[in-house]
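> The sequence and its predicted three-dimensional model are supplied below.
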Amino acid sequence: MAVQPSPRQLAVLKILLFLICLLPLARLSWGAWQDSLGANPIEFIQRSLGTWTLNFLLITLLVSPARKLSGWHWLLRLRRMLGLYAFCYALLHLASYLWLDQFFDWQAIAKDILKRPFITVGMSAFILLLPLAATSSNAMVRRLGGRRWQQLHRSVYAISLLGVVHYWWLVKRDITLPVLYAALLAVLLGIRALWREQERRRQTNF
Amino acid sequence: MLIRRPSDILPSEITPRELFLRRRDFLKTAAGAALLTAFPAIAAEKLAGARNSLFSTTETPTPYKDVTTYNNFYEFGTDKSDPVEKAQRLNTRPWSIAVEGLVKHPRTFAIEDLIKLAPLEERIYRMRCVEGWSMVIPWLGLPLATLLKQVEPQGAAKYVEFISAADPQSMPGVKSRVLDWPYVEGLRVDEAMQPLTLLALGLYGEVLPKQNGAPVRLVVPWKYGFKSAKSIVKIRLVEKEPNTAWMKANAHEYGFYSNVNPAVDHPRWSQATERRIGEFQKRKTLPFNGYAAQVAQLYAGLDLQKFF
Ligand code: HEM
């Protein structure tokens, strides 16, 4: 079924999506305000922001396979917003760490980043996200040229992988959720590899 | 050996107000322990004990709600909210602890006998979790030494092993393989005999809530929380160092001693600081969780970096 929203509908859709993506943050702010985040609200906020960073990364990675499978090419028009939300949540996650968790104790923070492997990995993922966020505008796409832009933005695969490793390494014992995220990521990356391989075969056959 | 003093701090100075009022109600109904043993089913709520100020901190106790809703008790699941949600089906009566191994008089203590073994004491201890958070909890219980003296450890006994309940029917977490069940913990005999080491039967003037390790658990306040085994069914005196559940899970990260030590980092959590539940800024973690004066001499000559 070919669904093709009109430009107006697409604009409405974008606004709706924009608001929906704010819901996790709204829930956290409300919970913090109401003091309903449990005995350890700081931990709750920090973890929830981390979870949503990873969720948005995976949702962003879902766009292109979903488009290919459904034929809804307009889905691509939503991808930038999702990616930028991943970055926003990562920024808030980092801020919650620097402010709520460590209270700007720079010495402890530096030690953490160097000594605790899961923080090292999380920090690497964040740093790799910076150039992607910085080159997200149409003007930057034009300046870089589509091909180079695309090459640069492929690093999102590595970033997601680092995100999953970060999660895996930080849990104490119960790795159920990290394993689930790893499986989802494997599907999202696997399907790309598969398609690329098919594409390559098709081209060599001709 | 134990110096018991009547409580010289008014409970109202320390206990949150609503609890203090509840305690007053309870005192009006009187004779708590007697009532409890006479009508265990009815009186399973309250438990009385005079505060032992000598062993109690004057820091503000963590609110009851936080103490009883934010728990690590993997037998019920790995989320902090799992124990309070899933532990209520645990049947804690009847219950008994078998004390065996290298002892002169092996014996099984019914929970009712334990309560009568010595006058219960209230002790307000700091509790430091290996994950970097801490609480202050008013426990009720008796020194573990009191129990051990009843069975008389033999000379060959060097360690005490604690074995927790592992009932897949009432403990859903036991069906998962996050840890090797049953949960096993251990102390050296001298650590176990240390007057601070408590066998807790209650907290905040009540019988232990199930999510906190009912009906009887260990409390070793100078060690990370996981050393304080919950819902204990067996205590064995042994010659060799027990292989504890967390050592089996990851000996590299969890040592046998697991004394609170800000100088020895865990790979996942810096141990230099901690977040006291209810506070915003972190505090510095103290060696032996602030109990160095009482326990540091137990480890004289031991390399605490190596025996972490
Ligand atoms: C793309 C980047 C990142 C992703 C995808 C990410 C993801 C996550 C996830 C999924 C969690 C676990 C949430 C839970 O337990 O429910 C988490 C926790 C955490 N992250 Fe990140 N993270 C990222 C970057 C960072 C950075 C840059 C830092 C700090 C420098 C950091 C520090 C932490 C800390 C301290 C925790 C909590 C650990 C705990 O509570 O024990 N993360 N993160």
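Yes, it's here.

> Looks to me like A:Leu37 is in a helix.
No: secondary structure assignment (DSSP: H, G, I helix; E, B strand; the rest coil) places A:Leu37 in coil, not in a helix.

> Make sure it is actually in contact with A:Trp30.
No: in this structure, A:Leu37 is not within contact of A:Trp30 by CB atoms under 8 Å, at 9.6 Å. Every C-beta, even on glycine, is put in place using the N, C-alpha and C of the backbone.

> Who has more neighbours out of these two?
Ranked by neighbour count (other CB atoms under 10 Å in any protein chain shown), A:Leu37 and A:Trp30 place A:Leu37 first, with 18 against 11.

> residues touching that one, list them.
Neighbouring residues of A:Leu37 by CB atoms under 8 Å, 6 or more residues apart in numbering or on different chains: A:Leu28, A:Gly31, A:Phe44, A:Ile45.

> so what's the third one closest to, chain neighbours aside?
Distance criterion CB to CB, 6 or more residues apart in numbering or on different chains; nearest residue to A:Phe44, sequence neighbours excluded, is A:Leu37 at 4.2 Å.

> now do the second one
The shortest distance from A:Gly31 to any non-neighbouring residue, by CB to CB, 6+ apart, is to A:Leu37 (4.4 Å).

> Buried ones in stretch B:86-103, by neighbour count?
Using 16 or more other CB atoms under 10 Å in any protein chain shown as the test for burial, stretch B:86-103 gives B:Lys86, B:Ala87, B:Leu90, B:Thr92, B:Trp95, B:Ser96, B:Ile97, B:Val99, B:Glu100, B:Gly101, B:Leu102, B:Val103.

> One more: stretch A:70-88?
Of the residues in stretch A:70-88, A:72, A:75, A:77-88 count as buried by neighbour count, 16+ other CB under 10 Å.

> just stretch B:60-68 next, same as before
By neighbour count on 16+ other CB under 10 Å, the buried set for stretch B:60-68 is B:Pro61, B:Thr62, B:Pro63, B:Tyr64, B:Asp66, B:Val67, B:Thr68.

> Skipping adjacent residues, who's closest to the first one in space?
This points to B:Pro61. Among residues not flanking B:Pro61 along the chain, B:Val136 sits closest, at 4.8 Å (CB to CB, 6+ apart).

> Need the three-state assignment for that neighbour.
What three-state DSSP gives for B:Val136 is strand.

> does B:Arg236 sit in a helix, a strand or a coil?
Of the three states, B:Arg236 takes strand according to three-state DSSP.

> can you pull the contacts of it?
Contacts of B:Arg236 (CB under 8 Å, 6+ apart): B:Val99, B:Glu100, B:Gly101, B:Val160, B:Glu161, B:Ile163.

> which residues of the chain score low on pLDDT?
Since no chain was named, I'll use chain A. A:1-2, A:206 (pLDDT under 70).

> other chain: chain B
Across chain B, the ranges flagged by pLDDT under 70 are B:1-44.

> rerun that using 80 as the cut-off
Scanning chain B for pLDDT under 80 picks out the ranges B:1-45, B:267.

> all strands of it, in order?
Counting by DSSP state E, chain B has strands at residues B:50-51, B:96-101, B:107-110, B:121-128, B:133-143, B:159-164, B:184-188, B:198-203, B:206-207, B:217-219, B:232-238, B:273-276, B:283-284.

> hey, which of those strands is tucked in deepest?
Ranked by mean neighbour count, these are led by strand B:198-203 with a mean of 26 (mean count of other CB atoms under 10 Å in any protein chain shown).

> hang on, A:Leu57 packs against A:Ile159?
Yes: under the criterion of CB under 8 Å, A:Leu57 makes contact with A:Ile159 at 6.7 Å.

> contacting residues around the most centrally placed residue in chain B?
Nearest residue to the geometric centre of chain B (CA atoms, centre = their mean): B:Val219, 2.4 Å. If a contact means CB under 8 Å, 6+ apart, then B:Val219 has B:Arg123, B:Tyr125, B:Met127, B:Trp139, B:Gly141, B:Thr197, B:Leu198, B:Leu199, B:Ala200, B:Ser228 as its contacts.

> Specify which member of those residues is nearest to the ligand.
Distance to the ligand, by CB to the nearest ligand atom, is smallest for B:Met127 among those, at 18.0 Å.

> ok, which stretches of chain A are helices?
Assignment of helices within chain A using DSSP state H yields the ranges A:7-34, A:41-70, A:79-95, A:106-115, A:117-134, A:138-144, A:146-153, A:155-170, A:176-205.

> Mind putting those helices into CSV with distance to B:Gln169?
Shown next, in CSV, are these (distance: least, CB to CB, whole Å):
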stretch, distance to B:Gln169
helix A:7-34, 35
helix A:41-70, 31
helix A:79-95, 40
helix A:106-115, 42
helix A:117-134, 36
helix A:138-144, 60
helix A:146-153, 52
helix A:155-170, 32
helix A:176-205, 22
